[in-house]
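>>> sequence-free structure coming up:
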């Protein structure tokens with residue numbers, strides 16, 4: 001038997017009268033046929049668990065250049081195995097046979113099943129999307145970006161790169177203390193266009209570049225462990241509008257100094273400052289080491305990038321001093337809010353309620369317990385009966401937090417006195 005091209009030739013007439021000439025002719029025929037073949041089909045009638053089978057393809061090429069499909073005969077037809085079929089494609093191991101890497105593959109049945117009617121098809125012509133081999137995909141007219149998805153265009157009946165894969169102002173990566181921010185442009189609903197800025201130059205190449213932000217510089221300190229921080233773009237810090245010299249495009253430059261970090265959530269921040277801050281992302285610091293990256297850390301980018309300067313205020317409803325605003329979904333505007341009762345009558349030992357004024361009956365001494373501190377905490381205590389000197393009020397901590405830098409309970413004993421407590425999220429302070 002002689003191996004000719006990619007096919008096997010078994011010619012018993014070799015050595016007999018006229019056999020040499022016949023062999024030469026058949027050899028030439030097989031050579032032409034074999035060189036023209038770029039696909040092989042191997043059928044395995046009884047493929048058992050753990051069985052290893054050699055597949056001699058003779059393509060003289062690396063396995064990476066072969067398109068390999070696995071088939072199982074089921075229900076009267078050949079079924080192409082995938083990640084959702086039974087058995088799974090991943091249940092079979094395919095490797096190059098040692099010492100025969102360019103010509104032979106080895107396949108192993110790891111399915112746990114026996115007697116499979118099985119087949120393998122090999123094609124020495126892998127399809128590459130990037131080389132345009134897939135004819136209903138067009139990635140040459142518009143080059144794709146990293147992470148960009150394909151969308152179908154009905155006018156050409158082809159798939160083409162769709163929306164940008166990496167949105168502007170996306171948090172790319174963090175390595176303490178640096179954050180890599182995807183450069184680009186965003187437009188506010190008031191018509192202003194913001195652009196990341198490299199720090200020098202006036203031409204287009206100076207804008208839309210990736211930024212490296214020092215998170216510790218922005219916060220003013222290293223982060224607390226296992227703490228959520230929110231990255232905001234502070235629109236009040238933007239400079240004057242700039243004109244890109246080679247395009248005439250008018251933009252506002254965005255640099256590190258325009259960002260701020262806070263533990264206050266966007267819901268609270270945007271309620272307090274609806275026109276100032278644009279939420280960019282959320283960063284969870286590492287569980288130890290006061291680091292921005294490391295074990296336990298994570299980050300994400302907020303999906304919305306268009307900044308709304310806020311719905312209008314419905315001035316048809318009169319407001320009074322001290323009254324807040326609430327959004328009315330029916331009109332799409334803010335209007336004076338119906339105030340929630342701010343006073344709490346206290347005639348016993350209770351836990352204080354955040355954002356309330358406590359009118360304390362001091363006919364007897366009272367012990368009032370603080371809640372856990374939060375950055376937004378605001379509590380007021382008032383001696384409503386004027387006998388606090390005789391029957392003091394004791395303020396007790398929820399845990400180990402301090403009151404005016406003292407790790408102990410606090411005594412209130414001024415008749416008709418009033419005390420307001422605020423917190424930095426860790427301790428309490430009386431103002």
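All right, it came through fine. These numbers were taken from a predicted model, which means no experiment stands behind them. Numbers count the residues shown, from 1 in each chain.
>>> Are we agreed that residue 24 is in a helix?
Yes. Under DSSP: H, G, I helix; E, B strand; the rest coil, residue 24 sits within a helix.
>>> And it, how far from residue 37?
Plainly put, residue 24 is 21 Å away from residue 37 if you go by C-beta to C-beta, to the nearest Å. From N, CA and C alone the C-beta is placed, and that goes for glycine too.
>>> likewise residue 367?
From residue 367 to residue 37 the distance is 92 Å (C-beta to C-beta).
>>> check contacts around residue 89.
Residue 89 makes contacts with 70, 81, 82, 83, as judged by C-beta atoms under 8 Å, 6 or more residues apart in numbering.
>>> So between residue 24 and residue 37, which is more surrounded?
residue 37 (14 against 10; other C-beta atoms under 10 Å).
>>> On the three-state scheme, residue 84 is what?
Following three-state DSSP, residue 84 is assigned to coil.
>>> So what does it have for phi and psi?
phi -120, psi 0 (degrees, to the nearest 10).
>>> Need the pLDDT of it.
pLDDT for residue 84: 85.
>>> same thing with residue 129?
On the pLDDT scale, residue 129 gets 68.
>>> from what I can see residue 348 touches residue 366, true?
Yes. Contact criterion C-beta atoms under 8 Å: residue 348 and residue 366 qualify, at 7.1 Å.
>>> Tell me which of those two has more neighbours.
More crowded of residue 348 and residue 366, by other C-beta under 10 Å: residue 366, with 23 against 10.
>>> Thought residue 349 was touching the more buried one, still the case?
Yes. Counting by C-beta under 8 Å, residue 366 touches residue 349, with 6.1 Å between them.
>>> So how do I select the buried members of the contacts of residue 89 in ChimeraX?
Applying 16 or more other C-beta atoms under 10 Å to the contacts of residue 89 leaves a buried subset, and the ChimeraX line that selects it is:
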select :70,81
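>>> ok, so of the contacts of residue 89, who is nearest residue 94?
residue 70 (8.2 Å; C-beta to C-beta).
>>> Let me see the contact set for the nearest residue to the closest one once chain neighbours are set aside.
Closest residue to residue 70 apart from its sequence neighbours, by C-beta to C-beta, 6 or more residues apart in numbering: residue 81 at 4.3 Å. For residue 81, the contact set (C-beta under 8 Å, 6+ apart) comprises 69, 70, 71, 72, 87, 88, 89, 92.
>>> got a list of what the residue positioned nearest the centre of the chain touches?
Nearest residue to the geometric centre of the chain (C-alpha atoms, centre = their mean): residue 300, 4.8 Å. Contacts here follow C-beta under 8 Å, 6+ apart; on that basis residue 300 touches 171, 281, 282.
>>> any idea which element the second one lies in?
Translated: residue 281. strand 277-284 (DSSP states H and E).
>>> List the beta-bridge partners for residue 366.
residue 393 (DSSP bridges).
>>> State the distance from it to residue 409.
12 Å.
>>> between those two, what contacts are shared?
With C-beta under 8 Å, 6+ apart as the test, residue 366 and residue 409 both reach residue 394.
>>> need the contacts of residue 81 in a markdown table with pLDDT and distance to residue 431, can you?
A markdown table is the format used below for these (pLDDT from 0 to 100; distance: C-beta to C-beta, whole Å):
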| residue | pLDDT | distance to residue 431 |
| --- | --- | --- |
| 69 | 92 | 74 |
| 70 | 95 | 73 |
| 71 | 95 | 77 |
| 72 | 95 | 76 |
| 87 | 94 | 71 |
| 88 | 93 | 66 |
| 89 | 92 | 68 |
| 92 | 96 | 72 |
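>>> between those, which is nearest residue 53?
For those, the nearest to residue 53 is residue 92 (10.2 Å; C-beta to C-beta).
>>> Hmm, the closest one is touching residue 111, no?
Yes. Under the criterion of C-beta under 8 Å, residue 92 makes contact with residue 111 at 7.2 Å.
>>> Tell me who's in contact with the closest residue to residue 288 other than its chain neighbours.
Using C-beta to C-beta, 6+ apart and skipping the chain neighbours, the partner closest in space to residue 288 is residue 225 (5.6 Å). Applying C-beta under 8 Å, 6+ apart to residue 225 gives the contacts 285, 286, 287, 288, 289, 290.
>>> now the stretch of helix or strand residue 53 belongs to: mean pLDDT?
Counting by DSSP H and E, the element that carries residue 53 is strand 52-56. For strand 52-56, mean pLDDT is 94.
>>> Which residues does it contact?
40, 42, 44, 47, 97, 103-108, 120, 122.
>>> low-scoring stretches of this protein, by residue?
Along the chain, segments meeting pLDDT under 70 span 1-23, 29-36, 126, 128-133, 142-149, 162-167, 303-334, 337-341.
>>> Show me the domain layout of it.
1-37, 38-127, 171-301, 311-338, 343-430 (automatic domain parsing).
>>> Now distance to residue 139 too, for the ones you listed, in CSV please.
Output for the domains of the chain, formatted as CSV (distance: least, C-beta to C-beta, whole Å):
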stretch, distance to residue 139
domain 1-37, 30
domain 38-127, 13
domain 171-301, 21
domain 311-338, 42
domain 343-430, 49
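>>> Quick one, which of the ones you listed gets closest to residue 158.
Per C-beta to C-beta, nearest to residue 158 of these: domain 38-127, 15.5 Å.
>>> can you tell me how far residue 394 sits from residue 95?
Distance from residue 394 to residue 95, by C-beta to C-beta: 76 Å.
>>> between those two, which one's more packed in?
residue 394 (15 against 12).
>>> nearest spatial neighbour of residue 302, skipping sequence neighbours?
residue 279 (4.9 Å).
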